[in-house]
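# Give me a model of this one.
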Amino acid sequence: MLKATRKPYTCQMTRTKHSLKKEEQQQILQQQNNRCIYCNYQFGSVFRDKKKHRHIVLGVAWDHFTPWSYIRSHNVTFVAACQICNSIKGAYVFDTLADACAFISKGRGQQWQYEPPDP
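Take a look at the predicted model:
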């Protein structure tokens with residue numbers, strides 16, 4: 001069972017539904033220790049796609065923890081997710097962060113493998 005110690009960051013939006021100010025982005029990244037909220041890997045880590053035989057570097061994908069299509073509110077909860085986790089989560093809605101992490105972990109399955117840096 002995954003332990004949810006990280007909490008999504010809530011911000012009051014003043015512009016469009018998809019925008020985050022640079023200061024808000026930095027605050028979220030700092031709060032999450034520059035890691036994906038779902039898989040807890042650091043942004044910049046390298047993963048290998050075993051199906052397509054390619055490598056990717058984890059980048060930040062700003063994710064609505066609860067999809068915009070469900071809440072339609074300017075009080076939006078944003079999290080910093082990697083592109084792998086963000087694509088697996090999609091528009092699914094979860095009661096807790098632990099539920100989302102468990103679902104995404106299963107989705108990552110055997111396709112993605114962490115490539116540790118060379119010493």
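# switch to C-alpha atoms for all contacts and neighbour counts from now on
Will do.
# just checking, what packs against the longest strand along the chain?
Longest strand in the chain, counting residues (DSSP state E): strand 75-82. Applying 3 or more C-alpha pairs under 8 Å, 6 or more residues apart in numbering; DSSP states H and E, one finds that strand 75-82 contacts strand 9-12, helix 22-31, strand 60-64.
# highest average neighbour count across these?
Neighbour counts (mean count of other C-alpha atoms under 10 Å) averaged over each of these peak at strand 60-64, with a mean of 20.
# Quick one: distance of whichever helix in the chain runs longest to the chain centre.
Criterion DSSP state H: the longest helix present in the chain is helix 97-108. Counting by C-alpha atoms, centre = their mean, to the nearest Å, helix 97-108 is centred 11 Å from the centre of its parent chain.
# Direction included, what does the following helix or strand past it pair up with?
Next in sequence after helix 97-108, counting helices and strands by DSSP states H and E, comes strand 112-115. Strands that pair with strand 112-115, judged by DSSP bridges, come out as strand 46-49 (antiparallel).
# so where is the chain shaky, pLDDT-wise?
Under the criterion pLDDT under 70, the flagged ranges of the chain are 1-18, 68-76, 119.
# Can you tell me, leaving aside adjacent residues, what's nearest to the residue sitting nearest the centre point of it?
By C-alpha atoms, centre = their mean, the chain has its centre lying nearest to A81, at 1.7 Å. Counting by C-alpha to C-alpha, 6 or more residues apart in numbering, C36 is the residue found nearest to A81 once chain neighbours are left out, at 4.4 Å.
# how many other residues sit next to that neighbour?
C36: 24 surrounding residues under other C-alpha atoms under 10 Å.
# so how far is G44 from it?
Taking C-alpha to C-alpha, to the nearest Å as the measure, C36 falls 10 Å from G44.
# picking that back up, residues in a beta bridge with the residue nearest to the centre of the chain, which ones?
Residues in a beta bridge with A81, per DSSP bridges, are A61.
# wait, doesn't it sit right on F65?
No: between A81 and F65 there is no contact under C-alpha atoms under 8 Å: 9.5 Å.
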